[in-house]
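A.B. asks: My questions concern the predicted model and sequence given below.
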Amino acid sequence: MYKRALRKKVCRFCETKATEIDYKDVKTLRNFVTERGRIISSRVSGTCARHHRMLDVAVKRARNIALLPFTTS
């Protein structure tokens with residue numbers, strides 16, 4: 001078996017020192033949502049727990065005002 005070099009996942013929001021995640025920024029939010037409309041887990045996306053909670057709230061708000069779909073049709 002070959003060993004793959006593991007790279008530590010770094011939170012994108014910590015790198016940019018984001019204090020808040022805007023629910024109106026649909027372009028950024030789409031990177032954290034699958035085609036089926038599910039929020040990607042922090043384990044897969046690499047976001048820290050603090051920013052993942054903020055991301056969760058932002059995605060849900062964007063869905064409620066129809067900026068993001070709940071599911072695909």
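C.D. replies: Nice, I can see it. Residues are numbered from 1 along each chain as shown.
A.B. asks: Can you give me the distance of the residue positioned nearest the centre of the chain to K3?
C.D. replies: Centroid-nearest residue in the chain: F32, 3.1 Å away (criterion: CA atoms, centre = their mean). Using CB to CB, to the nearest Å, F32 is found at 29 Å from K3. C-betas here are computed from N, CA, C, even on glycine.
A.B. asks: just E20 next, same as before
C.D. replies: From E20 over to K3 the distance is 40 Å, taken as CB to CB.
A.B. asks: Comparing the two, which shows the higher neighbour count?
C.D. replies: Using other CB atoms under 10 Å, the more surrounded residue of E20 and K3 is E20, with 9 against 5.
A.B. asks: Ignoring the adjacent residues along the chain, who's closest to that one?
C.D. replies: Nearest non-adjacent residue to E20, counting by CB to CB, 6 or more residues apart in numbering: M54, 6.9 Å away.
A.B. asks: The strand or helix carrying the one you found - contacts with which helices or strands?
C.D. replies: Per DSSP states H and E: M54 is located in helix 49-64. When contacts are defined as 3 or more CB pairs under 8 Å, 6 or more residues apart in numbering; DSSP states H and E, helix 49-64 packs onto helix 12-15, helix 26-29, helix 42-45.
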